[in-house]
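> have a look at this prediction, sequence included:
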Amino acid sequence: MATKVLKRQPLNWLDNTYLPTLFTGLWITSRHFFFNFAIQTLHLFGLMKHIRGSVTYQYPEEQRPLSKRLRTRHRLTQREDGSPRCVACMMCETICPARCINIVATEHPDPNIEKMPKSFDLDLGKCVYCGFCVEVCPEDAIRMDTQILDTAAYSRQQMQLDMTELLHPRSTHLYKTHKQGQPAER
Ligand code: SF4
Ligand code: SF4
């Protein structure tokens, strides 16, 4: 395969002063500043509301809106009686590329349901948020729609979620207050 060799243009004396680049950067920054300053000032008087000015989110007190399609912390969905919908088929554990799901199955008291998880552990420290576990589940038993992104912890051990935490993701030690998107658990 032929290789095309490009010659780098030598810098002239003006380029070597870096002044054109410096003033270009200052121009771009100033343009954003004055545009937003004008828009936010007009908004104070109820004008030009259809043009959105840039804002700074005061994280962590204020969270930016998240897309509902964004893959966030996992949760296990529940049946009417509060038990997990999971039937311990192991498909999510098998497909997980990070090997971070560990399920122990047991008999379900209802003879119409073959199995249920005795324990369901998920190591968030290893999870790559690929969503394969959600896609493969035949029972819609696991979802990634909690809108919880914060997973700060002091140890790897604290990144491990058990079945109780997965059934009630907003009661876990890893959960922080989040204003947006509170999908109803079921
Ligand atoms: S999102 Fe991907 S890596 Fe994380 S638990 Fe599911 S299958 Fe495994
Ligand atoms: S794929 Fe769904 S039903 Fe099967 S073990 Fe995973 S969560 Fe449970």
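In hand now; what should we look at? Numbering: from 1, shown residues only. Ligands and ions are numbered 1, 2, ... in the order given.

> now the longest strand belonging to the chain: mean pLDDT?
Counting residues, the longest strand in the chain under DSSP state E turns out to be strand 115-123. Strand 115-123 shows a mean pLDDT of 96.

> how about that strand, does it get close to ligand 2?
No: on the criterion C-beta under 6 Å from any ligand atom, strand 115-123 is out of touch with ligand 2, staying 6.5 Å away. No exception for glycine: its C-beta is placed from N, CA and C like everyone else's.

> now do stretch 73-80
No: if you take C-beta under 6 Å from any ligand atom as the test, stretch 73-80 misses ligand 2, and the best it gets is 6.7 Å.

> rewinding a little: partner strands of the longest strand of the chain, with direction?
According to DSSP bridges, strand 115-123 forms sheet pairs with strand 101-107 (antiparallel), strand 160-161 (antiparallel).

> want to try a markdown table for the ones you listed, with mean pLDDT and mean neighbour count as columns?
Listed next are the strands paired with strand 115-123 as a markdown table, based on pLDDT from 0 to 100; neighbours: other C-beta atoms under 10 Å:
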| stretch | mean pLDDT | mean neighbour count |
| --- | --- | --- |
| strand 101-107 | 97 | 15 |
| strand 160-161 | 94 | 22 |
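
> what's the helix or strand for the spatially most central residue of the chain?
Centroid check for the chain by C-alpha atoms, centre = their mean gives Thr72 as the closest residue, at 4.0 Å. In the assignment (DSSP states H and E), Thr72 maps to no helix and no strand.

> ditto for Phe23
Counting by DSSP H and E, Phe23 is part of helix 19-44.

> show me how far the helix or strand just after that helix is from its chain's centre.
Where DSSP H and E defines the elements, the next helix or strand beyond helix 19-44 is strand 75-76. Relative to the mean C-alpha coordinate of its chain, strand 75-76 is positioned 15 Å out (C-alpha atoms, centre = their mean, to the nearest Å).

> again with stretch 118-125
The answer for stretch 118-125 is 18 Å, by C-alpha atoms, centre = their mean.

> what lies in contact with it?
73-74, 76, 84, 86, 88, 98, 100-106, 151, 153, 156, 159-163, 166, 174 (C-beta atoms under 8 Å, 6 or more residues apart in numbering).

> mind running it again at 10 Å?
Stretch 118-125 is contacted from outside by 73-74, 76, 84, 86, 88, 92-93, 96, 98-107, 133, 141-142, 151, 153, 155-167, 174, using C-beta atoms under 10 Å, 6 or more residues apart in numbering.

> what element comes up after the longest strand of the chain heading to the C-terminus?
By DSSP H and E, the next helix or strand past strand 115-123 is helix 132-136.

> helices or strands next to the helix or strand following that following helix in the packing?
Using DSSP H and E, the helix or strand that follows helix 132-136 in sequence is strand 142-143. Contacts defined by 3 or more C-beta pairs under 10 Å, 6 or more residues apart in numbering; DSSP states H and E place strand 142-143 against strand 75-76, helix 132-136.
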